[in-house]
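> please work out how this folds:
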Amino acid sequence: MKFELKSKDPKSKARAGKITTDHGVIETPIFMPVGTVGTVKGVHQTELKDEINPDIILGNTYHLYLRPKIEILEQAGGLHKFINWDRNILTDSGGYQVYSLSGRRKINEEGVKFKSHIDGSMHFFTPENVMEVQRSIGADIIMAFDECTPYPCDYNYAKRSMHMTHRWLKRCLTHLDKTPLKYDYNQTFFPIVQGSTYKDLRRQSAEFIASVEAEGNAIGGLSVGEPAEELYAMTEVVCEILPENKPRYLMGVGTPINILENIALGVDMFDCVMPTRNARNGMLFTAHGSINIKNKKWENDFSAIDDMGITYVDTLYSKAYLRHLFASKELLGKQIASIHNLGFYLWLTREARKHIISGDFAVWKDKMVKQMNKRL
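Here you go, the predicted structure:
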């Protein structure tokens, strides 16, 4: 992987860059649609490619390991071929699922024993076998195995967890060197900064992660319920330490406003289930504010879903029609809303890039934050 820093905003820490892998170019800042089990939920591949048009999507190691299982992915030739996706893929390592499965797992120094949410079968993830699983999945960017701590989190627990994540990182790196590539392209490894919402722990972790000198770095353990101010404070601390010449990936974040504020702090890559999850519940994001399309006020509003026309659904369908689909519990409503929200997230990061390059990102960001904070 190659990362080039193209431009910096003069009044913030925002940057525009370019990541190049064997599956193509990723222009940053970038939002990565979440394709947990090999599909971006509710969106057909054709619309994903032609309308939303992301340079990269995300897959989930835990879910893909359980279903369709690694043997099937290997027989298919990796996740790219299995889902017919010829662009970049990033896989997380299962660390977040370790966090979210609190009632179904046990953590120790060796790894994590967990119970499948599908059939109750028992499994064991270690830093070593998670590297092997991600080799088999075949993503372009793969993540270290870590523990994502909850919020709030006791300081001593956060400290112990952080140091264990660092020890796990060393094991990931050692085993990755012994594990050959499965397919005819390279993979890039990102370690993950942890430390909960404690600045001293975040500094320690960022310094340790930076010392590994990986090709890119991730910031984990945020967007787990902490206030936005804590999210921004931790991101700022970490971005001051992580090397400028490597991409920075903030995992699991977030709202459109969260994304813009973290771009201003120096983050390059984002992912979140929010655009599709909210879409399935009738919540639309726009540059003018958010819309609950289920509200009666849209019943006879025949204007376009979004006057900016970011994707074809924005001008093809009216708010009244989309509300009707949700009221009728038609699946098409969720699909239209998902296409819109993903299109908006991609539009937002691409507009951010344009304004970073033109030098007026900070002014544009402040205007957009005010607009998007409204409920329409």
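
> the stretch 251-376 of the chain: strands as residue ranges?
Assigned by DSSP state E, counting those that start in this stretch, the stretch 251-376 of the chain shows strands spanning 269-271, 283-286, 289-292.

> how far does the shortest one sit from its chain's centre?
By that I understand strand 269-271. Relative to its parent chain, strand 269-271 has a centroid offset of 4 Å by Cα atoms, centre = their mean, to the nearest Å.

> list the buried residues for it?
Met269, Phe270, Asp271 (16 or more other Cβ atoms under 10 Å). In short, each C-beta sits where N, CA and C put it, glycine included.

> ok, the first one - contacts?
Contacts for Met269 were tallied using Cβ atoms under 8 Å, 6 or more residues apart in numbering; they are Thr28, Pro29, Ile30, Met32, Pro247, Arg248, Tyr249, Leu250.

> show me the beta-bridge partners of the residue nearest the centre of the chain.
Centroid-nearest residue in the chain: Asp271, 1.7 Å away (criterion: Cα atoms, centre = their mean). For Asp271, the beta-bridge partners are Met32 (DSSP bridges).

> would you quantify the distance from it to Arg135?
Distance, Asp271 to Arg135, by Cβ to Cβ, to the nearest Å: 21 Å.

> export the worst-scoring helix or strand of the chain on mean pLDDT as PDB, just CAs?
One helix or strand of the chain scores below all others by mean pLDDT, DSSP states H and E: helix 95-100, with a mean of 73. The C-alpha coordinates for helix 95-100 follow below in PDB (Å, rounded to 0.1, in the frame of the first residue of the first chain):
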ATOM      1  CA  GLY A  95     -12.400  -7.000  18.400                       C
ATOM      2  CA  TYR A  96     -15.600  -5.000  18.400                       C
ATOM      3  CA  GLN A  97     -17.700  -8.200  18.400                       C
ATOM      4  CA  VAL A  98     -15.700  -9.300  21.500                       C
ATOM      5  CA  TYR A  99     -16.900  -6.100  23.100                       C
ATOM      6  CA  SER A 100     -20.500  -6.500  21.900                       C
END
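
> which residue of the protein lies farthest from its centroid?
Using Cα atoms, centre = their mean, the residue of the chain lying farthest from its centre is Asn300. It sits 36.0 Å away.

> what about the strands in the stretch 51-200 of the chain?
Using DSSP E, counting those that start in this stretch, strands in the stretch 51-200 of the chain cover 56-60, 88-92, 105-107, 112-115, 122-125, 141-143, 188-190, 192-193.

> the second one vs strand 56-60, what angle?
Spelled out, it's strand 88-92. Between strand 88-92 and strand 56-60, the angle comes out at 30 degrees (axes from the mean of the first three to the mean of the last three Cα atoms, to 10 degrees).

> have a look at this structure and report its longest helix.
If you go by DSSP state H, the chain has its longest helix at helix 331-358.

> which stretches of this structure have low pLDDT?
By pLDDT under 70, the low-scoring segments of the chain are 98.

> contacting residues around the nearest residue to Pro54 once chain neighbours are set aside?
Distance criterion Cβ to Cβ, 6 or more residues apart in numbering; nearest residue to Pro54, sequence neighbours excluded, is Pro33 at 5.4 Å. Pro33 makes contacts with 40, 43, 48, 52, 54, 57-58, 271, 275-276, 342, 345-346, as judged by Cβ under 8 Å, 6+ apart.

> between those, which is nearest Glu230?
Comparing the contacts of Pro33 against Glu230 with Cβ to Cβ picks out Asp271 as the nearest, at 19.7 Å.

> how much space between Pro256 and Tyr185?
Pro256 sits 32 Å away from Tyr185, going by Cβ to Cβ.

> more neighbours: which of these two?
Counted by other Cβ atoms under 10 Å, Pro256 and Tyr185 do not tie: Pro256 has more neighbours, with 25 against 13.

> and the helices in the stretch 1-150 of the chain?
Using DSSP state H, counting those that start in this stretch, the helices found in the stretch 1-150 of the chain span residues 45-47, 61-64, 70-76, 79-83, 95-100, 127-137.

> could you export the ones you listed as CSV, including distance to Tyr151?
Below are those laid out as CSV (distance: least, Cβ to Cβ, whole Å):
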stretch, distance to Tyr151
helix 45-47, 35
helix 61-64, 20
helix 70-76, 32
helix 79-83, 31
helix 95-100, 10
helix 127-137, 24
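
> and Ser318, which of these is closest to it?
Ser318 lies closest, by Cβ to Cβ, to one member of these: helix 45-47, at 19.1 Å.

> identify all contacting residues around the closest one.
Helix 45-47 is contacted by residues Ile83, Asn84, Trp85, Ile339 when judged by Cβ under 8 Å, 6+ apart.

> buried residues in it?
Using 16+ other Cβ under 10 Å as the burial criterion, the residues of helix 45-47 that qualify are Glu47.

> before we move on, back to that, buried set for the longest helix of the chain?
In helix 331-358, the ones that count as buried by 16+ other Cβ under 10 Å are 333-353, 355-356.

> before we move on, the earlier item: just the buried members of the contacts of helix 45-47?
So, by 16+ other Cβ under 10 Å, the buried ones in the contacts of helix 45-47 are Ile83, Trp85, Ile339.

> for the residues you listed, give me JSON lines that also has distance to His324.
What follows is these, written out as JSON lines (distance: Cβ to Cβ, whole Å):
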{"residue": "Ile83", "distance to His324": "32"}
{"residue": "Trp85", "distance to His324": "33"}
{"residue": "Ile339", "distance to His324": "17"}
